[in-house]
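Enquirer: Turn this into a model:
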Amino acid sequence: MDTEIGRAAAAAASEPAPIIAIDGLSFTYPDGRKALHDVSLTVQPGERVALTGPNGAGKSTLLLHLNGILTGQGRVTVAGMRLEGRHMGAVRRLVGLVFQDPDDQLFSPTVYEDVAFGPLYMGLAEAEVRRRVGQALAAVGAEGFEKRSPHHLSLGERKRIAIATVLAMEPDILVLDEPSSGLDPRGRRALINLLRTLPQTQLIASHDLLLVRDLCSRTLILDGGRLVADGPTEEILADTELLAAHGLELP
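Expert: Down below sits the predicted model:
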């Protein structure tokens, strides 16, 4: 028995520490609306995890806790650092948040200036900023866009540039809120192919269950601010009663 316990302990010790750990997270907005209720979950390095659920489930609220835009009650830990004042800067460099509306992230006259903004804010040298901008644009298939105005691009192009602004910060984690919203089938497929190639750990909030099926090996369902399901995507999406109970269905 002691040997079995020792083996189990050794196996547990050999597992990588989660890159995201949320323990008992609750959050109430100033108007009294309780958006999250005692949510606990972990994400391992390199995982691509879907977060789905009906409108008003608390998905965006949860995402905004991962780099300190919102702060609730409970514990949020990223790469072993608790999300609090002394760690906030380091965590924000690790977590790249991509908003649902790319216009919330694109505000400069040119694509180059938008993608360069984060590295410049970090105080990097001009040569390093240029390198990061070029690398980020190449990663999203937008080489040659440097002098273009973000606001003259298509929605799909703006979404890719918004992702590039985050990639230029070289984060370990990508957090994406409804990335396929508003895209036509071609733009949606291009986005899926892009996200599939990126090496970062990804947490993707989405109603698009086909995107979830194609991209994510694990799916979480949030409803009424509570985590109601967490399992392999194939099993979650095959459970039509579970999906229907939480306002979801495959097209």
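Enquirer: What segments of the stretch 1-150 of the chain are strands?
Expert: Secondary structure of the stretch 1-150 of the chain (DSSP state E, counting those that start in this stretch): strands located at 20-28, 34-43, 48-52, 73-78, 81-82, 95-98.
Enquirer: Just the angle for the second one relative to strand 73-78, thanks.
Expert: Just to be clear, that refers to strand 34-43. 30 degrees (axes from the mean of the first three to the mean of the last three Cα atoms, to 10 degrees).
Enquirer: Distance check, the residue nearest the centre of the chain against Thr233.
Expert: The chain has Val175 as the residue nearest its centroid, 1.3 Å off, counting by Cα atoms, centre = their mean. Distance of Val175 to Thr233, computed by Cβ to Cβ, to the nearest Å: 18 Å. The C-beta positions use only the backbone N, C-alpha and C, and glycine is treated the same way.
Enquirer: Dump the stretch of helix or strand the residue nearest to the centre of the chain belongs to to CSV, keeping only the CA atoms.
Expert: Here Val175 sits within strand 173-177, counting by DSSP states H and E. C-alpha atoms of strand 173-177 as CSV (Å, rounded to 0.1, in the frame of the first residue of the first chain):
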residue,chain,number,x,y,z
ILE,A,173,-1.6,32.6,-22.8
LEU,A,174,-4.2,33.8,-25.3
VAL,A,175,-7.6,34.6,-24.0
LEU,A,176,-10.2,35.2,-26.8
ASP,A,177,-13.7,36.4,-26.4
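Enquirer: Could you give the average pLDDT over that strand?
Expert: Strand 173-177 carries an average pLDDT of 97.
Enquirer: how much does that strand deviate in direction from strand 73-78?
Expert: Angle between the axes of strand 173-177 and strand 73-78 is 130 degrees (criterion: the same axes, to 10 degrees).
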